[in-house]
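Chemist: take this sequence and fold it.
(4 chains)
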4 protein chains.
Amino acid sequence: MADPVYETALGASTRDRITLLGQDLAEDVMGTVGFGELAFWLATQRRPSPGETRVFEAVLAALADHGFTPTAIVTRLTYLSAPDSVQGALAAGLLGGGSRFLGVTEDCGRFLHAVLSEVDTLPDDDGGWDALALETVEECRAQKRFLPGLGHHVHKDGDPRTPRLFAIADEEGLRGPHLELFAAIGRVHPRVLGKTLPLNGAGVCGAALADLGLPLELLRGFALLARTAGLIGQLAEELRHPVANDIFLSVDLNNRSVPPDPHA
Amino acid sequence: MADPVYETALGASTRDRITLLGQDLAEDVMGTVGFGELAFWLATQRRPSPGETRVFEAVLAALADHGFTPTAIVTRLTYLSAPDSVQGALAAGLLGGGSRFLGVTEDCGRFLHAVLSEVDTLPDDDGGWDALALETVEECRAQKRFLPGLGHHVHKDGDPRTPRLFAIADEEGLRGPHLELFAAIGRVHPRVLGKTLPLNGAGVCGAALADLGLPLELLRGFALLARTAGLIGQLAEELRHPVANDIFLSVDLNNRSVPPDPHA
Amino acid sequence: MADPVYETALGASTRDRITLLGQDLAEDVMGTVGFGELAFWLATQRRPSPGETRVFEAVLAALADHGFTPTAIVTRLTYLSAPDSVQGALAAGLLGGGSRFLGVTEDCGRFLHAVLSEVDTLPDDDGGWDALALETVEECRAQKRFLPGLGHHVHKDGDPRTPRLFAIADEEGLRGPHLELFAAIGRVHPRVLGKTLPLNGAGVCGAALADLGLPLELLRGFALLARTAGLIGQLAEELRHPVANDIFLSVDLNNRSVPPDPHA
Amino acid sequence: MADPVYETALGASTRDRITLLGQDLAEDVMGTVGFGELAFWLATQRRPSPGETRVFEAVLAALADHGFTPTAIVTRLTYLSAPDSVQGALAAGLLGGGSRFLGVTEDCGRFLHAVLSEVDTLPDDDGGWDALALETVEECRAQKRFLPGLGHHVHKDGDPRTPRLFAIADEEGLRGPHLELFAAIGRVHPRVLGKTLPLNGAGVCGAALADLGLPLELLRGFALLARTAGLIGQLAEELRHPVANDIFLSVDLNNRSVPPDPHA
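Modeler: Prediction:
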């Protein structure tokens, strides 16, 4: 076999120089490129505009931490059990970032994208978006499909992140077709479903990320990036105000041994 | 047992409001706080100054991606094998962030901190720092201890990240005792070791993070945060320019079956 | 909130006794119950017969190690990078146990189960099974669905694990409906597909596990249990005959830096 | 670079044959070699005797599950949050297998081995072992070092696994120097410490594994293998008698938002 060659536009080093995405890391990136901007650049291999960076960082802020979620509890318990491995505690927490708790962002972005891919010409006014949204919600209802991003178990009157993210996108001129369609779904769904559900903040994040042109396959990855910062915050708080052992004991001391229930 | 109470200053929600670190998430964080700034704030529960944010983000940039490291290869291979789980691919990559490849940052920060903790009054000029550094290097040599952050297997004449990070810290007035001591070690070690070694960029990152007052127990965590952005970049590139299957085949096709070698 | 109570039939301890599945761990399990038998018992909360244990352990043997798979390479590279954390190296390897490389076992078990769930009365002779299999293969073909467990990229003339596992199941009187249907698919598919494909060994493992009454949701879990033993073997070999650094260098030294390819 | 070659004695395949450890997998392993035996064989590249297998499987049984440990809670919470990834739930649980909750086995085995490595001629009677043990305990006390494997937070009058594992090892003629020294430490330590502590079951497991000649670097790995079977049991129980959501809610509903506590 001929020597394989592995191409990459990401990090590369020579004896006296490090490049990243074709830039000189020390001279052109460090001290100049913010971390959110860099994460966007790494994922798309193009430098985002300041407006794109602002929307992107607003999404990351929206998803960074939600208090004692399963992922946060898992990171704290894993650190309690294996304090020798910070990487293990963070990795364990991220592994909860799957279909249920962190999945809305990706599901919503992909769903909106799939609808848009079927449309020949995108609408150019609210009426047009409302018509497309109505058709979309009706089709979901007919197929008894779940419409991702609609509803929230706590914020029943509206998720405060949602109007804010729309406003930021508008300020930056970055309300694209995914956000337009999601907003229209918010307007028309009561006509079909007979009740008004809030547009979920995690869902609008997915729409915004898709409008930014980020890879759909990795939308969940950006939620995980945001969550990594949140989990470091959880560990930092655990170090000074520990609760993991109390959580563990609250389970362990309330356990009740029962007879086996054989699986048929 | 009385109901336990779990306190946190991180994320909290009511029906119509989300707070994070005592701030209104939608109004005061989204659109206003950059992602690096937020990560710092989450870890320390205090808002960093713009200068602190700039140094912190320069460190994250320095550590985000180094091309085909073991962590990058692991993330790509895991995604090849289990494309259903982006969280698994990222977590697997982060698990390589241990003592050898990502550990220098933490080891260096902790080492410098331990030296500084033994000193009653910190030096106030280069001469004083040089004296402390000389004592430190001599003690390491006497104890045949490894001095973290000294030397680099590629950048033998100097790691380009090192002078740049010192310069950024100086521009922001944030060269603290950890960076001072590390710089002095760079100046004096040839007198003791008889050869000049470069100050490693990952090591200077540890010194800078320690000077920013970030928790020493989590210095590795910031390297992992930076690397999460890098690994998303690796996945994004793998999606469009895949190499993981070639890497796998280059190993699998070059395997040679040998007889067992029994462990005594 | 009233104190919650968490019931379990698994491990429980008092000051002088440990029970597991209602058994006295020290007296009735240690020294008496083999590890495969125990794993089966833990998963089903019923003790398997010796024949069930033999089939189950044959499946675990079939899936334990396949040489330099992505999971094996990942475990070795992670250990190279973070030798401080054996748990991290094993966890990283297991994270590759997803849809592509370890998924056939689960996919095949679930697929056969879904077909059997639609049948009112199960066939009682080969002719009857062939008829059901023919219908199944034709339906898959009509729907252009992939039939899990059919074909193997290396063992094109037959996977040696397949006849052996059927024989072991027959010896123990444990060829149930999943194995019967899979065998019949092996007999009839050439009539529909126009070519003869081998029954994959990982697929027949899924059929056997389903016949043993193990939970379908966890069929992948048993492949992961088998693989854990394999990955420990990989680490043990890596400790004495290391290859991970050579694998890493073979990628790193063959990297080629290319210009960024901006994502549209 | 010449084509690298990667040697392995583990799994290998040709078109019509699969070998593992030099054996024909289908003919000589499946249906013949139990799972505990195979795990031992994979780790040492030598086939264990029936007695060695029995001791090894007794150790695995002793470590498989301890009810609602942090690792069990983590696996259940991760599955709650990401039910799409069984591998993620198992990997997350294993990541808690670090220094604190699963570390005793490895720490104890390594500690005993280090003591034995310093001895020129091993004792050949209880008196000799007691003398070595006395010296060992006194030295630990003088250095204020923790003696691994001594004491248990629940089984204060004795861990029931301990005498059982000694008995099994004796029945199989496999009480080697690690177990001898650990038993002697159990006899003599009250003379030095002024109180009687039980020999921990996880500790005696480490002594037994070391006596079996298993690699010291991987003793934790065998605890993790045992725990993998336990975690599959936890998931199987969670599927039918779920508690993870109640655990999550017991934390989430008892959270109290407090002001930030800035890190100095």
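Chemist: my read: residue A:168 touches residue A:56, true?
Modeler: No: counting by Cβ atoms under 8 Å, residue A:168 does not reach residue A:56; the two are 10.2 Å apart. No exception for glycine: its C-beta is placed from N, CA and C like everyone else's.
Chemist: quick one: residue A:112 and residue A:210 touch, right?
Modeler: Yes: counting by Cβ under 8 Å, residue A:112 touches residue A:210, with 6.3 Å between them.
Chemist: joint contacts of the two?
Modeler: Common neighbours of residue A:112 and residue A:210, using Cβ atoms under 8 Å, 6 or more residues apart in numbering or on different chains, are residue A:178.
Chemist: return the per-residue confidence for the residue lying closest to residue A:67 once chain neighbours are set aside.
Modeler: Of all residues not flanking residue A:67 in the chain, residue B:11 sits nearest, at 4.0 Å (Cβ to Cβ, 6 or more residues apart in numbering or on different chains). pLDDT for residue B:11: 95.
Chemist: where do the strands sit along the stretch 151-264 of chain A?
Modeler: A:255-257 (DSSP state E, counting those that start in this stretch).
Chemist: worst-scoring helix or strand of chain A, pLDDT-wise?
Modeler: strand A:12-14 (a mean of 92; mean pLDDT, DSSP states H and E).
Chemist: name every strand pairing with that one and say which way it goes.
Modeler: strand A:17-20 (antiparallel) (DSSP bridges).
Chemist: what residues does the stretch 101-250 of chain A put near chain B?
Modeler: Residues of the stretch 101-250 of chain A lying close to chain B by Cβ under 8 Å from any Cβ of the partner chain are A:102, A:154-158, A:160-161, A:163-165, A:167-168, A:171, A:215, A:217-218, A:220-222, A:224-226, A:228-230, A:232-237, A:239, A:241, A:243, A:246-247, A:250.
Chemist: quick one: buried ones out of those?
Modeler: Among these, those that count as buried by neighbour count (16 or more other Cβ atoms under 10 Å in any protein chain shown) are A:102, A:155, A:158, A:160-161, A:164-165, A:168, A:215, A:217-218, A:220-222, A:224-226, A:228-230, A:232-237, A:243, A:247, A:250.
Chemist: what about chain C: which of the residues you listed touch it?
Modeler: A:215, A:250.
Chemist: list the contacts of the residue nearest the centre of chain A.
Modeler: Central residue of chain A (Cα atoms, centre = their mean): residue A:223, 2.9 Å from the mean position. Contacts for residue A:223 (Cβ under 8 Å, 6+ apart) come out as A:63, A:97, A:102, A:105-106, A:202, A:205.
Chemist: ok, so of these, who is nearest residue D:137?
Modeler: Nearest to residue D:137 out of the contacts of residue A:223 is residue A:97 (Cβ to Cβ; 47.2 Å).
Chemist: now do whichever helix in chain A runs longest and helix B:219-240, the angle between them.
Modeler: Longest helix of chain A, by residue count under DSSP state H: helix A:219-240. Per axes from the mean of the first three to the mean of the last three Cα atoms, to 10 degrees, the angle that helix A:219-240 makes with helix B:219-240 is 170 degrees.
Chemist: which residues sit against stretch A:247-260?
Modeler: A:73, A:76-77, A:80, B:1, B:4, B:6, C:3-9, C:12, C:19, C:21-22, C:45-46, D:67-70, D:73, D:247, D:250-251.
Chemist: measure it end to end?
Modeler: 26 Å (Cα to Cα, to the nearest Å).
Chemist: quick one: mean pLDDT for that stretch?
Modeler: Mean predicted confidence for stretch A:247-260 is 95.
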